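> Structural data only, the sequence is not supplied:
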């Protein structure tokens, strides 16, 4: 199904646009990622709906996506790695957000530790999207740290346990995906802008 849809789309693109092989390969990669994202999202949302925690999932994903915009992070090299990581993450974390009652002081301390790691490691780029520009990297780092502080303040003052947990786990998840050890576990290259500059 995937190959059928992508091949059909590529034929239409090639028919109306005269792109070179490199550009066509880039478009095909983008379409494959889009297909993976859509199918993965449908499956996760469906299971979450059946489990009865779709609202929590949506809140967690929204909060995480905001952090991801500035901190970036690892992308799995193989689609099945992405499937497993996404299913485990976005089916288990919403459940934990609803049932866990984390000590308030411990939660804030962990959030502060996440901020320190964001300052050290954000933004974390990928081979497909190396962050070459030093000024942009600094801007993303500052924005990531600011968001980390903002989430921590919200965690400290919001009384609703589920919302507070969603803020905490979104921050924790973003911190995990930018760490060098996470890149190593997924078998992908870290600090890709350095390799780009060497070339």
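It's in. Being a predicted model, the structure only gives us computed values, none of them experimental. Numbers count the residues shown, from 1 in each chain.

> Give me the distance between the longest helix that the chain contains and the centre of its chain.
If you go by DSSP state H, the chain has its longest helix at helix 21-51. Relative to its chain's centre, helix 21-51 lies at 14 Å (Cα atoms, centre = their mean, to the nearest Å).

> From the contact counts, what lies against it?
If you count contacts as 3 or more Cβ pairs under 8 Å, 6 or more residues apart in numbering; DSSP states H and E, helix 21-51 packs onto helix 2-16, helix 54-71, helix 79-99. (Each C-beta comes from the backbone N, C-alpha and C, glycine too.)

> number of nearby residues for the residue nearest to residue 9 when sequence neighbours are not counted?
In space, and not counting its chain neighbours, residue 9 is closest to residue 31: 5.7 Å by Cβ to Cβ, 6 or more residues apart in numbering. Applying other Cβ atoms under 10 Å, we find 17 residues neighbouring residue 31.

> list the contacts for residue 31?
Residue 31 makes contact with 6, 9, 10, according to Cβ atoms under 8 Å, 6 or more residues apart in numbering.

> Find me the pLDDT at it, would you?
If you check residue 31, the pLDDT there is 78.

> so who does the residue nearest the centre of the chain touch?
Centroid-nearest residue in the chain, with Cα atoms, centre = their mean: residue 68, separated by 5.1 Å. Applying Cβ under 8 Å, 6+ apart, one finds that residue 68 lies in contact with 174, 177.
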